[in-house]
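A.B. asks: For reference, the sequence and a predicted model appear below.
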Amino acid sequence: MSDSLKYMGLGIVIAKARFRVRIDTQKHGFGFIRKWYIHIDNLHDGERKLVKIWTDDVGIRFTTNRMYKKDDILAWLDALSPYEELLHDQRGLARLNWMLENPMPKSSDTWEEFLAWVERWDAFNEV
């Protein structure tokens, strides 16, 4: 494919990619679980084809509009790292990166460790 088509796909990703992190409740462990994903919604067929051209070129998976698996998220972040400052969703990217650098404690950790993590997460999100 031509380079211009690849870069058009990259441009769509830069403009439309959203990085999401949330904390949901669950019945196990400390009662909370981290959910994260990258999504690119509202793509028409032509945009989807252009994004696919770019993702195929850089070797990352794009089968649905949402990427949930950690390996896929890491691959997307790696592919987008040269363009990080251009990404539209800077706040979502910062939250996702924070979560990767500061994983939620496991249920085998202490309650105090979990509370300390919650305080750091809350402080980060207040900015």
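C.D. replies: Arrived safely. Residues are numbered from 1 along each chain as shown.

A.B. asks: Torsion angles phi and psi at the nearest residue to A17 once chain neighbours are set aside?
C.D. replies: Leaving out its chain neighbours, the residue that sits closest to A17 by C-beta to C-beta, 6 or more residues apart in numbering is I40, at 5.3 Å. Where C-beta positions appear, they are placed from N, C-alpha and C, glycine not excepted. Dihedral angles of I40 (phi, psi; degrees, to the nearest 10) stand at phi -130, psi 100.

A.B. asks: now the strands for this structure?
C.D. replies: Counting by DSSP state E, the chain has strands at residues 18-25, 32-39, 66-67.

A.B. asks: tell me what the last one is packed against?
C.D. replies: For strand 66-67, the elements it packs on are strand 32-39, judged by 3 or more C-beta pairs under 8 Å, 6 or more residues apart in numbering; DSSP states H and E.

A.B. asks: and with 10 Å instead?
C.D. replies: Judged by 3 or more C-beta pairs under 10 Å, 6 or more residues apart in numbering; DSSP states H and E, strand 66-67 is in contact with strand 32-39, helix 70-80.

A.B. asks: show me the contacts for the residue nearest to A17.
C.D. replies: 12-13, 15-18, 47-48, 51, 62, 64-67, 76 (C-beta atoms under 10 Å, 6 or more residues apart in numbering).

A.B. asks: Alright, that wraps it up for me.
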